[in-house]
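**Student:** Just to be clear, the model below is a prediction. Sequence and coordinates:
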Amino acid sequence: MSSKQRELERDLRRRYRLWTPMFTVVVLATLASFMMGQGANAGTSVFLVRVGGTATYVGFLAVVFSVAAAAARFVAGPLVDRRGRRVVAVGGAALMVLGTLGPLLSEELVPFVLWRFLQGAGFSAATTALATAAADVLPQERLGEGIGYYGLGQAVSMPFGPALALMLANTNPPENLFVGLTCCSAVALALGLLVRYERDPEGLPPSSEYRQRWERRYGLAAGRRMVEGDAALAGAVDAGAGAVAGEAVAERRLIAEELEGCEAGVARVEQVEVGAEAAGDAPAGGAPTAPAKPGLLSAVLEPKALPGTIPMLAISPAFGFGIFFVGLVGTTMGVGSPGLFYTISAISMIAVRLGAGRFMDRTSAIRIFAVAVATGLAGYGLLLGAVGLAGTGAGAGAVGVAEGLYYAAGLPYGVSIGLAIPVNQAVAVRNSPAERWGAANALFMLASDVGIGISCLAWGLVNDAFGFSATMVCVMGCLLVSLALAWACYPPADKR
């Protein structure tokens, strides 16, 4: 890269800053929400067993959380688009507070069905709204990079959320778990209240989609800025700067007068926006044609997000196996610290997200996703080798190598997650209308929830019937299928 190119890149980063105060608030609110979600999933089972619950009841409550989270996606998506990001983020965080405060107010086990339902629904609503808010406040020139950084909240919570929850669940009294989870939920609620950019879009980066859409729709502010800016140009004309400046002044004043007309100006802008969505063109000289009412499914979820959602649905089972079964694989092998796999994977995931700025918006999405699939295959290949070595009954040396392979697998596995999620989410968001980003994020997250939830049941059945090695071969098949689907689904712009 030449010095001129480096200077241009530095100028681009100065002009399109990512870490604005609002984006920082959104990332921290996401971190607090995922700390609650990850902590509740990991710590509730230990808490219930300590207070007399059964493993069957623990499994049932896990299903309740998943069903509530998936159902809430259908409601949260359109609410985010119609009522606003802040309303849904605050409402979801409030449900999380109720769901984590409830166990402190009642010692009975039966109400835990309600508490887990509130936790799942609140977590789902809050994270859907916050994901949409992140896309809103990011400059479009660095959207992919910014979504990668946004995922830091989720990445950091993976090792620390469960660790904190398990520590609190094993204290006396075990209810300390829900004290900690309530604090996380309250932080998410407080930060959600600070997401106020919808009231003042002019505080967002100039190229953020939300601000540009707001200015197109309510162009009076832009018109007034044009009128005020005419003074400088008028001075140039008076000083004899020439006809070009005079023409520019005249043109800007005409535009300003149109915008100051408010009703006519806004109607014309809205007609342009509606044109692509409407059933037909507006009649000449008349009001814009109203868009056709969407069907039930498209009203809840955004079909144009499918190019990024379908590959995510296919790759989620691979991540589901890692989340729910790799620890069991290590325990079965006799690994000394199975949890170290997750620590290593979290570190590599965070490193990838932090380095995303170097490639995320300059490399085609299909190439990034191909790297994600390749590293996922490498991680599961190492795990497959570890399981094979551990099952040979060889000496201590082979067991040590197997344990080393198990830990090493966490590195490419974390890289795979760190790339696959943000690149697919960026594809889903970029190809959806900005006014439907809430529904687009809801569909994307629902695909991840469904892919992980359904596959975990399937992987359990395959494990019991054929063993871990056969299951991991199936997982690697899912990775390859996801790449084929990405190649088929990604728009041409994301494959160049």
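**Tutor:** Okay, I see it. Treat the numbers as computed from the prediction; the structure is a model and nothing was measured.
**Student:** need the contact list for Gly322.
**Tutor:** Contacts for Gly322 (Cβ atoms under 8 Å, 6 or more residues apart in numbering) come out as 345, 379, 413, 417. For glycine as for every other residue, the C-beta is placed from the backbone atoms N, C-alpha and C.
**Student:** Can you give me the distance of Arg211 to Arg436?
**Tutor:** Here the distance between Arg211 and Arg436 works out to 17 Å (Cβ to Cβ, to the nearest Å).
**Student:** correction: Ala93
**Tutor:** Ala93 is 23 Å from Arg436, where distance means Cβ to Cβ.
**Student:** quick one, which of those two is more surrounded?
**Tutor:** Set side by side, Ala93 and Arg436 show unequal neighbour counts under other Cβ atoms under 10 Å, the larger going to Ala93 at 30 against 26.
**Student:** still on that earlier bit, got a markdown table for the contacts of Gly322, with pLDDT and distance to Glu202 too?
**Tutor:** Written out in a markdown table, the entries for the contacts of Gly322 read as follows (pLDDT from 0 to 100; distance: Cβ to Cβ, whole Å):
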| residue | pLDDT | distance to Glu202 |
| --- | --- | --- |
| Ser345 | 87 | 41 |
| Gly379 | 95 | 45 |
| Tyr413 | 93 | 43 |
| Ile417 | 88 | 36 |
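**Student:** Mind checking which of the residues you listed land in helices?
**Tutor:** 345, 379, 413, 417 (DSSP state H).
**Student:** ok, the residue nearest to Thr127 when sequence neighbours are not counted - how many residues close by?
**Tutor:** Using Cβ to Cβ, 6 or more residues apart in numbering and skipping the chain neighbours, the partner closest in space to Thr127 is Ser33 (5.5 Å). Applying other Cβ under 10 Å, we find 32 other residues in the vicinity of Ser33.
**Student:** wait, doesn't Ser33 sit right on Phe123?
**Tutor:** Yes - checked against Cβ atoms under 8 Å, the pair Ser33 and Phe123 is within contact range at 6.1 Å.
**Student:** what touches both of those two?
**Tutor:** Looking at what touches both Ser33 and Phe123 (by Cβ under 8 Å, 6+ apart), the common residues are 92, 96.
**Student:** sorry, back to before: the residue nearest to Thr127: helix or strand, and which one exactly?
**Tutor:** Ser33 belongs to helix 21-50 when elements are defined using DSSP states H and E.
**Student:** helices and strands around that helix, which ones?
**Tutor:** In terms of contact count using 3 or more Cβ pairs under 8 Å, 6 or more residues apart in numbering; DSSP states H and E, helix 21-50 is assigned the packing partners helix 55-83, helix 85-105, helix 112-137, helix 143-150, helix 152-169, helix 176-192.
**Student:** Out of those helices, which gets nearest to Phe325?
**Tutor:** Using Cβ to Cβ as the criterion, the shortest distance between Phe325 and these is 14.1 Å, found for helix 55-83.
**Student:** Tally up the residues packed near Glu202, please.
**Tutor:** Here the neighbour count serves as a burial measure; for Glu202 (other Cβ under 10 Å) it reads 12.
**Student:** typo on my end, Pro491
**Tutor:** Around Pro491 there are 14 other residues, counting by other Cβ under 10 Å.
**Student:** what do you get for Glu107?
**Tutor:** Glu107 has 9 neighbouring residues, counting by other Cβ under 10 Å.
**Student:** how close does the residue nearest the centre of the chain get to Ala442?
**Tutor:** The residue at the geometric middle of the chain, judged as the C-alpha nearest the mean C-alpha position with Cα atoms, centre = their mean, is Ala131 (5.0 Å). Distance, Ala131 to Ala442, by Cβ to Cβ: 9 Å.
**Student:** Tell me who's in contact with the closest residue to Phe324 other than its chain neighbours.
**Tutor:** With Cβ to Cβ, 6+ apart as the criterion, Phe324 has its nearest non-adjacent residue at 5.1 Å, and that residue is Cys456. Counting by Cβ under 8 Å, 6+ apart, Cys456 makes contact with 320-321, 324-325.
**Student:** Show me which of the ones in helices among the contacts of Gly322 is closest to Arg430.
**Tutor:** Taking Cβ to Cβ as the measure, Ile417 is the one of the ones in helices among the contacts of Gly322 closest to Arg430, at 20.5 Å.
**Student:** Give me the neighbour count for that closest one.
**Tutor:** 29.
**Student:** Can you give me the neighbour number for the spatially closest residue to it that is not a sequence neighbour?
**Tutor:** Across the structure, with Cβ to Cβ, 6+ apart as the measure, the residue nearest Ile417 apart from its sequence neighbours is Met349 (5.4 Å). Residues contacting Met349 under the criterion other Cβ under 10 Å number 27.
**Student:** Number the residues from 95 up from this point.
**Tutor:** Will do, 95 is the new start, and the previous item becomes Met443.
**Student:** Which elements pack onto the helix or strand hosting Met443?
**Tutor:** Using DSSP H and E, Met443 maps to helix 434-448. In this structure, helix 434-448 makes packing contacts with helix 237-244, helix 246-263, helix 420-427, helix 490-524, judged by 3+ Cβ pairs under 8 Å, 6+ apart.
**Student:** Skipping adjacent residues, who's closest to Glu292 in space?
**Tutor:** Of all residues apart from its sequence neighbours, Gly178 sits closest to Glu292 (Cβ to Cβ, 6+ apart), at 5.3 Å.
**Student:** Dump the helices and strands packed on helix 434-448 to JSON lines, plus distance to Val567.
**Tutor:** Output for the helices and strands packed on helix 434-448, formatted as JSON lines (distance: least, Cβ to Cβ, whole Å):
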{"stretch": "helix 237-244", "distance to Val567": "30"}
{"stretch": "helix 246-263", "distance to Val567": "25"}
{"stretch": "helix 420-427", "distance to Val567": "14"}
{"stretch": "helix 490-524", "distance to Val567": "15"}
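**Student:** Out of those helices, which gets nearest to Ala564?
**Tutor:** Closest to Ala564 of those, according to Cβ to Cβ: helix 420-427, at 12.6 Å.
**Student:** May I see the buried residues of the closest one?
**Tutor:** 420, 423-424, 426-427 (16 or more other Cβ atoms under 10 Å).
**Student:** Which residues does it contact?
**Tutor:** Counting by Cβ under 8 Å, 6+ apart, the neighbours of helix 420-427 from elsewhere in the structure are 432-433, 435-436, 477, 480-481, 484, 496-497, 500, 503, 507, 562.
**Student:** quick revisit: quick check: phi and psi at the residue nearest to Phe418.
**Tutor:** In terms of degrees, to the nearest 10, the main-chain angles of Cys550 are phi -60, psi -40.
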